[in-house]
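Enquirer: Please work out how this folds:
(4 chains)
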Number of protein chains: 2
Amino acid sequence: MAHRERRSTIRDVGRAAGVSIGTVSKALNGSGSVSDDTVRKVREAADMLGYRPSKAAQGLVGGRSFQVGYGLPVLGGWGNPTLDAFLHAMVGAAGEHGLDIVLFKAEPHGVGPYEDLIKRRVVDAFVLSDTDYEDARVDFLLEKGVPFATFGRTARSERHYWVDVDGAEGTAQTTRHLASRGHSRFGVIAWPEGSETGDLRLTGVTGALRSLGLPPPSVVRSTNGIEPGRQAMAELLRIAPATTAVVCVQDELALGALAYVRSSGIDVGSVMAIAGFDDTPTASIVDPPLTTVRQPFGAVGSVLGEILGEALEGSSPRGVLLEPTLIVRASTEGGSS
Amino acid sequence: MAHRERRSTIRDVGRAAGVSIGTVSKALNGSGSVSDDTVRKVREAADMLGYRPSKAAQGLVGGRSFQVGYGLPVLGGWGNPTLDAFLHAMVGAAGEHGLDIVLFKAEPHGVGPYEDLIKRRVVDAFVLSDTDYEDARVDFLLEKGVPFATFGRTARSERHYWVDVDGAEGTAQTTRHLASRGHSRFGVIAWPEGSETGDLRLTGVTGALRSLGLPPPSVVRSTNGIEPGRQAMAELLRIAPATTAVVCVQDELALGALAYVRSSGIDVGSVMAIAGFDDTPTASIVDPPLTTVRQPFGAVGSVLGEILGEALEGSSPRGVLLEPTLIVRASTEGGSS
DNA sequence: CTGAAAGCGCTTACAG
DNA sequence: CTGAAAGCGCTTACAG
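Expert: Numbers count the residues shown, from 1 in each chain, chains lettered A, B, ... in the order given. Below you'll find the model as predicted:
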């Protein structure tokens, strides 16, 4: 079976159209000046032969690969389920700019794979996600002069393309929602200090409370996870027993907090309001369903794909800040209804 | 800033080592015969210059791209969360064979993107997931003689590489577990007819019941999703009110079924046992936690990566069937404990 | 063992 | 407007 027909080359097209390969190239790319008649003949021949130019050859002469590298964040990075929507959107948007996405395995903080892909000329640019505020990869790419776009702001944001979701705005929305439900004693379960993302989310709460004229929140810091969330909630109620509204910087923390409160026999929703961040699939399933903030991962991916086109033109970098959406569910709505 | 140093080429290495570029190539690739001394000199020069051969150039001359295409299944394909582990493992294993993964957006059943990547010589092979039993892509690639490996068996399995998880064995395990807990009236919430994967999972239940000498299950078919699962469960209890054990071919269906049963005031676990398939993250969180079957997605990915190496050698295709693991949780354990 | 040369499939000045 | 030629960075017979 297996046809494995020789893929036709520019030479075949030239022969079929009765012109030189240079003319075929110009006709097909619309570069240089070619008579309408020739263009037509060449197009016909190309169509008939199903000709598509070799990317390797184009890349070699043009010095561009039309490929963008994306290092998969270490497993579990920002929660499995989001990767799907993110990749789809990014691949789609990049594709519309004629760019393919090349996947590779990113080591925790290593620049090794990045360097390799650059040197082997496999990619023209990179997309970085799960960036730290101080990120070795950012400095490396900046120094190499390789275009890239990050998901998340960094210490060098003004020097590279980036897309981010306004986390502070997300928790501020949550806070205003809770305040409108009558809450005034707030707690926050935050990430350890130094996490830019986590601190921005914390800021959203404190800022919103301040402008509402409410007292500042009690803050407990915890690593991510359900069990840590449970413990953090216990701690929070110990240091601030009057708390009635808890904003968590991530859903898992909220799920832990929720489990703790429920197991203490306190009603979640009416007595104690709990909110998370990220709208993980679980959030809508737990009892009671969790109020949370949804990040527009699809939009992040497509903007990243878009922006990559610009990055490759060498225009000066810009950032895009996207708004998250508050998803109100029973974990903050129980009682007063 | 931006160094953008000219990436060094084979010519630079030759100059630095004082040999011809042909010799550099042979020395670095270990092909042809080169004196040990020359090899050493060349290696040193290459290291010093940080030389890495251009993949485009190698691809052009060798006619191979060392890239493998993977079309992202349509959003939500086999449930977001699994994509992460799958991609990680696949990218890792492929990487060890010197292969990069190129992502693209697969249209539902279209071969268009596949044809394009072949013609443009972007990839040497493909990985297909979410394959249908009759899959146009499989026929297309077979006819083109392009190597590929599928996740899931197809009607042409003996002609291509494949990796699959033994779904029938998974639900058979579930069934035996439930029978050992004293259940004898089984229900199955399955996918619509024609889904090979779904039908295999259904088969696992019927087969196990038969060999246990128990009556066949009542079967309700439903599209995937939590809400459909809820409705399917209602339907199941209507047509077979005596049912006490329900095996669902996917977790989301099980979550819907569980929600329905719980909201009817029936105790899940003791009175009504419910099991799912896939061990999605949510499964361990719901109340009660869901008994389910875990697919070794990581293993699937790495075997796929492995096997791709073979596929590119042109050796004759083989398939690998991986065993899933039953994860027992409270949704099937309540009462009798 | 080593080098010169051809060639992979394109694009792009450069002549005509 | 069109074609011949050079060249992108490699690998691989083919001579020496």
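Enquirer: any idea which element the residue of the stretch 101-250 of chain A found nearest DNA strand D lies in?
Expert: Of all residues in the stretch 101-250 of chain A, the one sitting closest to DNA strand D is residue A:121 (7.3 Å; CB to the nearest atom of the strand). To be clear about C-beta, it is placed using only N, CA and C from the backbone, and glycine gets the same treatment. Residue A:121 belongs to no helix or strand when assigned by DSSP states H and E.
Enquirer: again with residue A:187
Expert: Assessed by DSSP H and E, residue A:187 sits inside strand A:186-190.
Enquirer: From the chain's centroid, how far away is that strand?
Expert: Put simply, strand A:186-190 sits 25 Å off its chain's centre (CA atoms, centre = their mean, to the nearest Å).
Enquirer: how about residue A:16, phi and psi?
Expert: Residue A:16 has phi and psi values of phi -60, psi -30 when expressed as degrees, to the nearest 10.
Enquirer: Pull the contacting residues for the residue lying closest to it once chain neighbours are set aside.
Expert: Excluding the flanking residues, the one nearest residue A:16 by CB to CB, 6 or more residues apart in numbering or on different chains is residue A:45, at 3.9 Å. Residues near residue A:45 by CB atoms under 8 Å, 6 or more residues apart in numbering or on different chains: A:13, A:16, A:17, A:51.
Enquirer: do the same with residue A:41
Expert: A:17, A:18, A:19.
Enquirer: now swap in residue A:96 and tell me
Expert: Residue A:96 neighbours (CB under 8 Å, 6+ apart): residue A:305.
Enquirer: now residue A:190
Expert: If a contact means CB under 8 Å, 6+ apart, then residue A:190 has A:198, A:199, A:201, A:202, A:219, A:220, A:221, A:222, A:249 as its contacts.
Enquirer: Burial check on the residue of the stretch 101-250 of chain A found nearest DNA strand C, number of neighbours?
Expert: Nearest residue of the stretch 101-250 of chain A to DNA strand C: residue A:121, at 12.7 Å (CB to the nearest atom of the strand). For residue A:121, the neighbour count with other CB atoms under 10 Å in any protein chain shown is 20.
Enquirer: Quick check: phi and psi at the residue of the stretch 101-250 of chain A found nearest chain B.
Expert: When distances are taken as CB to the nearest CB, the stretch 101-250 of chain A reaches nearest to chain B at residue A:145, 3.1 Å away. Dihedral pair for residue A:145: phi 70, psi 20, per degrees, to the nearest 10.
Enquirer: Check the burial of it by counting its neighbours.
Expert: What residue A:145 shows, counting by other CB under 10 Å, is a neighbour count of 13.
Enquirer: Could you do the one 5 residues further on as well?
Expert: In terms of burial, residue A:150 registers 25 neighbours under the definition other CB under 10 Å.
Enquirer: hang on, the earlier thing: could you pull up the residues touching the residue of the stretch 101-250 of chain A closest to DNA strand C?
Expert: Each residue near residue A:121 by CB under 8 Å, 6+ apart is listed here: A:59, A:63, A:65, B:7, B:54, B:55, B:56.
Enquirer: Would you check that residue A:278 makes contact with residue A:249?
Expert: No - contact criterion CB atoms under 8 Å: residue A:278 and residue A:249 do not qualify, at 9.2 Å.
Enquirer: returning to what we had before: helices or strands up against the following helix or strand past the strand holding residue A:187?
Expert: Sequence-wise, the next helix or strand downstream of strand A:186-190 (DSSP H and E) is helix A:196-212. Here helix A:196-212 touches helix A:167-180, strand A:186-190, going by 3 or more CB pairs under 8 Å, 6 or more residues apart in numbering or on different chains; DSSP states H and E.
Enquirer: In helices, which of the contacts of residue A:121 appear?
Expert: Here DSSP state H is the test, and the contacts of residue A:121 give A:59, B:55, B:56 as lying in helices.
Enquirer: Can you check the pLDDT for the last one?
Expert: Looking at residue B:56, its pLDDT is 91.
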